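Engineer: sharing a model prediction with you, sequence too.
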Amino acid sequence: MEKIDDSLKSVNHRFFWGQSFLQFLLIAWAWKWGGSSSMLTGFAVLSLVLVGVPHGGNDFFYRPDKSLKGSLRFLGLYLGSMALYLGLWQWAPAIALLLFLAISMHHFGQSNFNASKWYVPESLLWGAWLLGFPLVRHFSEATSLFSEMMGDSVDLPVVGWQMQNQQGLVLVAVFGLLYGGVLYLRRVPHAWQFFLQWILVTLWYWVSPLLLGFVVVFCLWHAAQSMRYQVLFIRGKVQKSVMGVLVNFLPLGFLAMLAWLVSAEFDVMHHLGWGFVLLSLVTLPHVVVMDGIYRADSHR
């Protein structure tokens, strides 16, 4: 395990324990009143708007050349990659979907362990579980969503198979042994806290439906965590208050809220595929930017 500044780690601080406690409360609520309650839905929507979407709002800070020319070049590459990716969704949606899944798994794992290399075992396992387990557990809903994302150009049959509880328990047990073994053998600092994080996420996925489960995990265990990392990282580079850094996230938050209000007319809940395609367009350049930060020595 690489040496990392303790303040930038994902565990062993008050923020992590706050995340864990909140996740425990959400699990208890879903267990008692069901995963489709209006309270959980409202929490997921608010988290997505205020944390999930804007968590990449500071990407512009990381541009290597902060001159006008360098800033314009950065924006050109950022927006250009989004445009090219949109073209890929249009002409080769199956490849675009696989790319979206691959970069998302990589990013989730890398950010959780501050990994400087893509092949760090615990990072790969965490990213695969964070995205893969809910898709397997709710396979029918997932294939339906993928079909909508790829549009009419791809004939993807919606498979009716659904994981049974016994099958799910076996998968959880096998993966838990593998993940715990990797954390132990690689002597990951605070390994038991990373394992606790996995237990909480797995329990939440078990009691929640596909979309709600993923949105909450994305916001609570990735976006919020990433925002904390960025605040600490940026404050280590420039003299700026916590609120001064957080203000930079506000524009995307307001835009997300506006987009949500406008989408009410579009009935976004029946066009989720398009929403995830739009999310993928932002994800690609964001992952590239953050990958460069995690690979650099400056965050260690």
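Structural biologist: Noted; the coordinates are in hand.

Engineer: pLDDT score assigned to the nearest residue to Gln193 once chain neighbours are set aside?
Structural biologist: Nearest residue to Gln193 in three dimensions, chain neighbours excluded: Val11, at 4.0 Å (Cβ to Cβ, 6 or more residues apart in numbering). Backbone N, C-alpha and C define where each C-beta goes, glycine included. At Val11, the model reports a pLDDT of 94.

Engineer: likewise Val287?
Structural biologist: Here the pLDDT value assigned to Val287 is 91.

Engineer: count the neighbours of it for me.
Structural biologist: 19 (other Cβ atoms under 10 Å).

Engineer: wait, doesn't it sit right on His106?
Structural biologist: Yes. If you go by Cβ atoms under 8 Å, Val287 and His106 touch, sitting 7.0 Å apart.

Engineer: residues contacting Ala223?
Structural biologist: Ser47, Val51, Gly52, His55 (Cβ atoms under 8 Å, 6 or more residues apart in numbering).

Engineer: can you tell me the closest non-neighbouring residue to it?
Structural biologist: Distance criterion Cβ to Cβ, 6+ apart; nearest residue to Ala223, sequence neighbours excluded, is His55 at 3.8 Å.

Engineer: then Asp291?
Structural biologist: Gln110 (6.8 Å).

Engineer: helix, strand or coil for the one you found?
Structural biologist: Counting by DSSP: H, G, I helix; E, B strand; the rest coil, the backbone at Gln110 sits in helix.

Engineer: ok, it touching Ile293?
Structural biologist: No. Contact criterion Cβ under 8 Å: Gln110 and Ile293 do not qualify, at 9.9 Å.

Engineer: the two: which has the busier surroundings?
Structural biologist: The neighbour comparison of Gln110 against Ile293 (other Cβ under 10 Å) goes to Gln110, with 24 against 18.

Engineer: in contact with the more buried one, which residues?
Structural biologist: Trp118, Val120, Ser123, Gly127, Met290, Asp291, Tyr294.

Engineer: just the residues you listed: which are in helices?
Structural biologist: Ser123, Gly127, Met290, Asp291, Tyr294 (DSSP state H).

Engineer: burial count for the first one?
Structural biologist: Neighbour count of Ser123, defined by other Cβ under 10 Å: 25.

Engineer: what residues are up against it?
Structural biologist: Neighbouring residues of Ser123 by Cβ under 8 Å, 6+ apart: Gly109, Gln110, Asn112, Phe113, Ala115.

Engineer: for it, which non-adjacent residue is closest in space?
Structural biologist: Using Cβ to Cβ, 6+ apart, the closest residue to Ser123 is Gly109 (3.6 Å).

Engineer: any idea how far Trp129 lies from Ala224?
Structural biologist: 18 Å (Cβ to Cβ, to the nearest Å).

Engineer: between these two, who's got more neighbours?
Structural biologist: Per other Cβ under 10 Å, whichever of Trp129 and Ala224 has more neighbours is Trp129, with 24 against 20.

Engineer: wait, doesn't the more buried one sit right on Gln197?
Structural biologist: No. Counting by Cβ under 8 Å, Gln197 is not a contact partner of Trp129; they are 10.6 Å apart.

Engineer: who's in contact with the residue nearest the centre of the chain?
Structural biologist: Residue closest to the average C-alpha location in the chain (Cα atoms, centre = their mean): Phe218, at 4.1 Å. Phe218 makes contact with Leu48, Gly52 under the criterion Cβ under 8 Å, 6+ apart.

Engineer: right, I'll leave it there.
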